[in-house]
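**Student:** need the 3D shape of this:
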Amino acid sequence: MNDGSYDGCAPDCLALAPYCGDGEIDVIEACNDGVNDGSYGGCVPGCGSVAAYCGDGNVDVVEVCDDGINYGTYGGCVPGCVAFAPYCGNWLVDGMEACDDGFNDGSYDGCMPGCLALADRCGDAVVNGMELCDDGPENGSYGGCAVECLALAEHCGDGVVDGPEVCDDGVNDGAYGNCGIDCLSPPLYCGDGIVNGPEACDDGNFDIHDGCLATCEVPTSCVDIKAYDGAAPDGMYTIDADGGGGSAPFDVYCNMTVDGGGWQLVSARYQDVGVLFADAVCTGIGGIARGRSRMYRS
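**Tutor:** This is a model prediction of the structure:
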């Protein structure tokens, strides 16, 4: 019947009536691209529906992403369906994200799911994971935590003088020979010029003649001085015979060369002057003594 009805003939028989494939969308058609072979972006055979296309909400063969809108908004797809818009998991910190490590599983030093917060990490001021300490932004400062949170930073007690410290022996108990508890005071020691601890004396010098040895001991005889310094010369020395008892120290002449040294002159007798000393023989005192002299060693 050439009445021009769909898929028939025009009344004059000179043309086809509308049909699927004429490239025009007619009343009963959903799509008509003139080919209608189901190719991407076209129409399916029969013109009953569109073929797969960007915007249908389905990721088709040539598409990377299709959210049905494809405006490029966060978490969606870009126009053309050729790429994802910014989203949590793309390794980039986009939009409202606090971090994005691509995994975002809440693992230590990573990001939380949703990319809105950092996971536990060194620097959050909370000791977690494998951390030894965590002072937050103060990590690395003297007396705090090291920058990697796995050790203490420089501090009093590490055995190294650093920061404001005067000394640090790792003990720092303020006992004799040790540093003060705050590392801000030096230790009490033999040679500081102050008698403390086990010291019998401390004059802060190395002079063996003045009655105080560099070991902070008081010599009680010439033998003590000779034992301390085998190269000690003959001469005048100060000793304290009772070792710091009630008697005051006094000066004596010590012969450090005769018979091994350590002889203490206690008396002398001259032909013209009577002065008593004792024990052993001396041939001269200051180059002027004559006759016999006596020394003893104890």
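**Student:** flag the shaky bits of this protein, pLDDT-wise.
**Tutor:** 4, 7-8, 268-298 (pLDDT under 70).
**Student:** show me it divided up by domain.
**Tutor:** Domain ranges of the chain: 1-51, 197-298, per automatic domain parsing.
**Student:** not counting sequence-adjacent ones, nearest residue to the residue nearest the centre of the chain?
**Tutor:** The C-alpha lying nearest the average C-alpha coordinate of the chain belongs to residue 146 (CA atoms, centre = their mean; 3.1 Å). Leaving aside its sequence neighbours, residue 146 sits nearest to residue 153 (CB to CB, 6 or more residues apart in numbering; 4.8 Å). No exception for glycine: its C-beta is placed from N, CA and C like everyone else's.
**Student:** next one: residue 91
**Tutor:** Residue 91 sits nearest to residue 102 (CB to CB, 6+ apart), 4.3 Å away.
**Student:** list the residues that contact the one you found.
**Tutor:** 89-91 (CB atoms under 8 Å, 6 or more residues apart in numbering).
**Student:** apart from its neighbours in sequence, what residue is nearest residue 225?
**Tutor:** Using CB to CB, 6+ apart, the closest residue to residue 225 is residue 219 (4.9 Å).
**Student:** hmm, that neighbour is touching residue 240, no?
**Tutor:** Yes - if you go by CB atoms under 8 Å, residue 219 and residue 240 touch, sitting 7.3 Å apart.
**Student:** shared neighbours of those two, anything?
**Tutor:** With CB under 8 Å, 6+ apart as the test, residue 219 and residue 240 both reach residue 211.
**Student:** one step back: mind listing what the residue nearest to residue 146 touches?
**Tutor:** Contacts of residue 153 (CB under 8 Å, 6+ apart): 139-147.
**Student:** quick check: it vs residue 185, distance?
**Tutor:** 22 Å (CB to CB, to the nearest Å).
**Student:** quick one on the thing from earlier: ranking the domains of the chain by burial, who's on top?
**Tutor:** Mean neighbour count (mean count of other CB atoms under 10 Å) peaks for domain 197-298 among the domains of the chain, with a mean of 16.
**Student:** which residue ranges form the strands in the protein?
**Tutor:** Assigned by DSSP state E, the chain shows strands spanning 235-239, 250-255, 263-269, 274-277, 292-296.
**Student:** ok, residue 88 - how many residues close by?
**Tutor:** Using other CB atoms under 10 Å, residue 88 has 22 other residues around it.
**Student:** just residue 134 next, same as before
**Tutor:** As a measure of burial, residue 134 has 20 neighbours, counting by other CB under 10 Å.
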